[in-house]
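Novice: Got a predicted model here, sequence first, then my questions.
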Amino acid sequence: MITFREFSVMREGFRLEIPDLRLSGGRNFVVGRNGSGKSTLLHSIAGLIKGKGIIEINGVNINDLPPEDRKVGLIPQDLLLFGRLSVENNLKASVKYAHGNLDIYREIVEELHIKSLLPRKASEISIGQAQKVAIARALISEPSLLLMDEPFSFQDEISRLGMISIIDEYSKRYGFEYLYATHNSRDLDNGFSNLVSLDSGEVVEAVDSFNGIQHFRTFSLLDYRNLISNEGHYYLLGDESLDFNDQSGNQYEIVGNDSKRYIRFKLGGEFFFASPSKEINGKFVKIDLSKAKEILY
């Protein structure tokens, strides 16, 4: 359980405020555009930035504790491995400085197939190997909560989902929760316990399923298709709100390829995309907003 109460933090003129937020369940994701506050949130939990208010992990207020006593692991985007040190010394730093577990060290080295990397300098291994080393180092420290600040963003989707699956497997085995910051909706394909949407330093909403999403800002982060705005209102289109015909409506064009075909049309001077599952047939498409789902901004 991760709980925030009357929490706020200032960082280089940027303010993040979380008056009240409770996340129960092990698989937590936070989404937001660049500059929305994702890194500030994770670094505050890790103790690298000092904020005001309460951050509780499993009922314990950690906000006044030094980083080394928080039982929180962090894998940042740049991984923060010590390039001049061997992989072995990078991993054993978790044992020496973060009260890590040598048994987990031996187990993880075998299971992640990084034993052959141990004598090599961290600066000499590939990015994929470095990501595994960063995961191993975090797990060896036996965190109660593992924070990940888009550490796999430079990987393709298959590799990235594979890395997230590894984290998911170990979270169940060792009994820790994780909070993963991302701007890629595909990272959520394996499911989540909670999804937190951030924008301009505030929580837009926190939901436990896609069906719970109500805000246009959250939808637009996850998928620009089927989202339109009209006269200050925001709508999610479905097949029932699209009617193709040869008489009247909005002109459109088909874009994409056979596996992912969209229509692009103009409404109120803006271009929007839709991905109907029905047959695309006709010169025009009529948009019936009365049959679309209106969502909040």
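Specialist: It's in. Numbering: from 1, shown residues only.

Novice: okay, now Leu23: neighbour count?
Specialist: Number of residues near Leu23 (other Cβ atoms under 10 Å) recorded here: 21. Placement of C-beta: from N, CA and C, glycine included.

Novice: Verify the stated contact: it with Phe192.
Specialist: No. With contacts counted by Cβ atoms under 8 Å, Leu23 stays clear of Phe192, the gap being 10.3 Å.

Novice: Distance of the residue lying farthest from the centre of the chain relative to Ser220?
Specialist: Distance from the C-alpha centroid of the chain peaks at Gln247, with 44.1 Å (Cα atoms, centre = their mean). According to Cβ to Cβ, to the nearest Å, Gln247 and Ser220 sit 32 Å apart.

Novice: With Asn211 instead?
Specialist: Asn211 is 17 Å from Ser220, by Cβ to Cβ.

Novice: So if I had to pick from those two, which one is more boxed in?
Specialist: Ranked by neighbour count (other Cβ under 10 Å), Asn211 and Ser220 place Ser220 first, with 17 against 7.

Novice: Quick one: the strands in the stretch 151-297 of the chain, in order.
Specialist: Along the stretch 151-297 of the chain, the stretches classed as strands by DSSP state E, counting those that start in this stretch are 177-182, 194-199, 202-207, 227-230, 233-236, 242-245, 250-256, 261-267, 270-274, 284-287, 293-295.

Novice: who's in contact with the shortest one?
Specialist: Counting by Cβ atoms under 8 Å, 6 or more residues apart in numbering, the neighbours of strand 293-295 from elsewhere in the structure are 213-216, 219, 233-236, 238.

Novice: Could you pick out the buried ones from these?
Specialist: Among the contacts of strand 293-295, those classed as buried by 16 or more other Cβ atoms under 10 Å are 213, 215-216, 219, 234-236.

Novice: Closest one of the contacts of strand 293-295 to Ser153?
Specialist: For the contacts of strand 293-295, the residue nearest Ser153 by Cβ to Cβ is Phe219; the value is 21.2 Å.

Novice: where's the closest residue to the closest one other than its chain neighbours relative to Thr182, distance?
Specialist: With Cβ to Cβ, 6 or more residues apart in numbering as the criterion, Phe219 has its nearest non-adjacent residue at 5.5 Å, and that residue is Leu227. Noted for Leu227: a distance of 19 Å to Thr182, by Cβ to Cβ.

Novice: These two: who's more crowded?
Specialist: Under the neighbour definition other Cβ under 10 Å, Leu227 and Thr182 were set side by side, and Thr182 has more, 22 against 19.

Novice: any idea how far Asp78 is from the more buried one?
Specialist: Here the criterion is Cβ to Cβ. By it, Thr182 lies 16 Å from Asp78.

Novice: Next: Arg84.
Specialist: With distances taken as Cβ to Cβ, Arg84 is found 16 Å from Asp78.
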